[in-house]
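Peer 1: have a look at this prediction, sequence included:
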Amino acid sequence: MLDVAAEVAEAIRNGQPVVALESTIISHGMPYPQNVETARAVEDEVRAGDAVPATIAVRGGKLRVGLSAEEIETLGKTGLNAVKCSRRDLPFVVARKLEGATTVASTMIIAAKAGIDVFATGGIGGVHRGVEETLDISADLEELGRTNVTVVCAGIKSILDIPRTLEYLETRGVPVVGYQTDTLPAFYSQSSGCPVDFRVDSADELAAAIVAKKAMQLDGGVLVGVPIPAEHALDKDEVDTLIAAAILDMQKQGISGKDTTPYLLASIAERTFGRSLDANIKLILNNARVAAEVAVACAQSA
């Protein structure tokens, strides 16, 4: 059921650096055509860093690793009609040969099956605000606790409960690393104010720890937080105020589960008159650049 594009398969066989990329950001994260333009720009950023991009999705009953330009265009136009696939969804989406876009969790699963160690995304899911009433905790956290993939992101999405998410990751034994920062980024903002477990200042330093973890056969991922560039960051207090208002509206509408994140991101984009969407694009491109550097350093250390 694993369908790996020829370019990606050759790179994996030859030990060349490869960076996995998710597809939910294409289908659910942004409107068309910005989603397609961003997906292509992210792949270009990975290539500019001397690594091979592998955008992942579910297509025609196959776990597709490495989408063509035409496939990215199709997924971008399909948009919200694509199934948002986490671990629990994969068997049914594959069996029914549906069009599926992969979340952080399912991208990690498929990347690991293909032999890809580094994955770039925007931000990860986590413990939702109000978890004491909803028990809403993203499957991304469980996957980070079990699947051997390094996830390069701009931290935990700021719509979530970041301190509780970090507690959950600690319980699952996931190292939270700050890339040239002592605090975890908060997606749109450079810092959440929460300290990371470890700081690294170069891709080589991070690669050494990843190689050591692999040698010790310690299962689970590594979460790497990369701050959004300062010139594109949003003010944390402004974002927190907007999120609180968006959550109230969401609760009034009875929105829950996997629809929560797309709704909140769209609501914040509307309330910031598109500034949050621009920040989202800029941070993803920055994460792709860093992920390529990490993948190259890991390949050289292997």
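Peer 2: Sure thing, it's come through.
Peer 1: can you name the helix or strand that residue 291 falls in?
Peer 2: Per DSSP states H and E: residue 291 is located in helix 275-301.
Peer 1: what's near enough to touch the spatially most central residue of the chain?
Peer 2: Centroid check for the chain by CA atoms, centre = their mean gives residue 121 as the closest residue, at 2.9 Å. Going by CB atoms under 8 Å, 6 or more residues apart in numbering, residue 121 touches 21, 22, 25, 104, 107, 151, 152, 153, 284, 287. Where C-beta positions appear, they are placed from N, C-alpha and C, glycine not excepted.
Peer 1: let's see if you can find the most crowded of those.
Peer 2: Per-residue neighbour counts (other CB atoms under 10 Å) across those peak at residue 107, which has 32 neighbours.
Peer 1: what's near enough to touch the closest residue to it other than its chain neighbours?
Peer 2: Closest residue to residue 107 apart from its sequence neighbours, by CB to CB, 6 or more residues apart in numbering: residue 22 at 4.2 Å. Taking CB under 8 Å, 6+ apart as the criterion, residue 22 is in contact with 55, 56, 101, 102, 103, 104, 107, 119, 121.
Peer 1: in the chain, which strand is the longest?
Peer 2: Counting by DSSP state E, the longest strand found in the chain is strand 52-59.
Peer 1: hey, C-alpha coordinates of it in CSV?
Peer 2: Only the C-alpha atoms of strand 52-59 are listed here, as CSV (Å, rounded to 0.1, in the frame of the first residue of the first chain):
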residue,chain,number,x,y,z
VAL,A,52,14.4,16.1,-1.6
PRO,A,53,10.8,17.0,-0.6
ALA,A,54,8.3,14.3,-0.1
THR,A,55,4.7,15.6,0.3
ILE,A,56,2.5,12.9,1.7
ALA,A,57,-1.2,12.1,1.1
VAL,A,58,-3.5,9.1,0.6
ARG,A,59,-4.6,8.6,-3.1
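Peer 1: show me what it is packed up against.
Peer 2: helix 6-13, strand 18-21, helix 34-48, strand 62-65, helix 69-78, helix 90-95, strand 100-102, helix 104-114 (3 or more CB pairs under 8 Å, 6 or more residues apart in numbering; DSSP states H and E).
Peer 1: neighbouring strands of the shortest one in the sheet, and parallel or not?
Peer 2: When you say that, I think you mean strand 100-102. Taking DSSP bridges as the criterion, strand 100-102 sits next to strand 52-59 (antiparallel), strand 83-85 (parallel) in its sheet.
Peer 1: looking at those strands, which is nearest to residue 139?
Peer 2: Residue 139 lies closest to strand 83-85 among the strands paired with strand 100-102, at 10.4 Å (CB to CB).
Peer 1: give me the distance from that closest one to the chain's centre.
Peer 2: Here the centre of strand 83-85 is set off from its chain's centre by 14 Å, with CA atoms, centre = their mean, to the nearest Å.
Peer 1: next one: stretch 96-115
Peer 2: The answer for stretch 96-115 is 12 Å, by CA atoms, centre = their mean.
Peer 1: repeat that for stretch 272-292.
Peer 2: Mean-position distance between stretch 272-292 and its chain equals 12 Å (CA atoms, centre = their mean).
Peer 1: repeat that for stretch 279-298.
Peer 2: Centre to centre, stretch against its chain (CA atoms, centre = their mean), the figure for stretch 279-298 is 11 Å.
Peer 1: helix or strand for residue 152, which one?
Peer 2: strand 150-153.
Peer 1: quick one: list the elements packing against that strand.
Peer 2: Using 3+ CB pairs under 8 Å, 6+ apart, strand 150-153 sits against strand 118-120, strand 222-225, helix 275-301.
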